[in-house]
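1. okay, structure incoming, though there's no sequence with it:
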C-alpha cells in the first residue's frame, strides 16, 4: 500500500491561495490520488481526485506530475471556513476493491 | 453526491455493555463498506472492510470478536462493539463504495461518537 506524507500543519490568511503537497513515492500503477477535508467531529468530505496531470473542480485543483510520486492540492482564495484537516490518499486496489488508507493529514488554519 | 448515514451520531454506554452502530447508503447500493476509528487529533484508522454477503476483512491488530461487522444488505452495514470498555471510546466512521459508482469513489458517514463510562 502506498504511504503518503504531508506537512503536519500550515497557516494561511484569508484570500490567499494554499498549496498542500503530498508525497507518495511508492504509488502503484492502479492507484488514484484523492483528497478529503475533515472538520472536527465530522466524517471526511471528498474534495478532488486525480490520476495524472491536472484536475480542477469548483473548489480545488489537483496537480500530479508525470512520475506521480507527489501531488499538490491547491485551494484558491481560502476563507476562515476552510480551516480543517486535509488528507491525501493514494487509493490502493486490493482484491478488486479500493482501500482508503489515511495518512497523518495536514491541519490547515486560516487566519483573518 | 451519494449519501451515507450513520446512526446514532453519539452514544454513551456503560462499561461491559455492547453497542451497535448502523451505516446506511441512502441513494446507492454499497457493495463495499469500510469502518474506521479516530482518536482525538489523530488520523482515521481503518478497522475493517466488508463486502455485502461476506465476512469482513479486519486490519492487523483489530479484534474481530470485539468489533463485530455485519454487511447483510447492499444498503446497510453494522458495527457492534462488544463488552465495551473506556478505551473503546472513540469516533467511529463508516464509508461506502458501490456498484453503480466508479470503484474509486467512497463516501463517508458523519461519524458516531462513542463514550464508554
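-> Thanks, I have the structure now. Quick caveat: nothing in here was measured; it's all calculated off a predicted structure.

2. report the secondary structure state of residue A:15.
-> The local conformation at residue A:15, judged by DSSP: H, G, I helix; E, B strand; the rest coil, is coil.

3. lowest average confidence, helix or strand, in chain A?
-> strand A:97-99 (a mean of 75; mean pLDDT, DSSP states H and E).

4. OK, contacts around residue A:16?
-> Contacts were defined as CB atoms under 8 Å, 6 or more residues apart in numbering or on different chains; by that measure residue A:16 touches A:77-78. C-beta: built from backbone N, CA, C; applies to glycine.

5. give me that answer again for 7 Å
-> residue A:78 (CB atoms under 7 Å, 6 or more residues apart in numbering or on different chains).

6. give me the pLDDT for it.
-> Model confidence at residue A:16, expressed as pLDDT, equals 97.

7. ok, it to residue B:60 distance?
-> When distance is defined by CB to CB, to the nearest Å, residue A:16 is 41 Å away from residue B:60.

8. likewise for residue B:94?
-> Distance of residue B:94 to residue B:60, given as CB to CB: 20 Å.

9. hmm, who's touching the host helix or strand of residue A:54?
-> Residue A:54 belongs to strand A:53-56 when assigned by DSSP states H and E. Residues from elsewhere that reach strand A:53-56 (CB under 7 Å, 6+ apart): A:48, A:61-64.

10. can you give me the helices for chain A?
-> Counting by DSSP state H, chain A has no helices at all.

11. and the residue of it nearest chain B?
-> Distances between chain A and chain B by CB to the nearest CB are smallest at residue A:43, namely 3.7 Å.

12. burial measure for that residue, as a count.
-> 22 (other CB atoms under 10 Å in any protein chain shown).

13. which one is it nearest to, not counting chain neighbours?
-> Counting by CB to CB, 6 or more residues apart in numbering or on different chains, the nearest residue to residue A:43 once its immediate chain neighbours are dropped is residue B:108, at 3.7 Å.

14. per-residue confidence for that neighbour?
-> In this model, residue B:108 carries a pLDDT of 94.

15. find the nearest non-adjacent residue to residue B:43, please.
-> residue A:102 (4.7 Å).

16. spit out the contact partners of the one you found.
-> Counted by CB under 7 Å, 6+ apart, residue A:102 has contacts A:87, A:89, B:43-44.

17. again, 6 Å this time
-> The contact partners of residue A:102, taken as CB atoms under 6 Å, 6 or more residues apart in numbering or on different chains, are A:87, B:43-44.

18. do residue A:100 as well
-> Contact analysis of residue A:100 by CB under 6 Å, 6+ apart lists A:89, A:91, B:106.

19. can you do 10 Å?
-> With CB atoms under 10 Å, 6 or more residues apart in numbering or on different chains as the criterion, the residues that contact residue A:100 are A:34, A:36, A:44, A:87, A:89-92, B:34, B:36, B:44, B:46, B:49, B:95, B:97, B:104, B:106, B:108.
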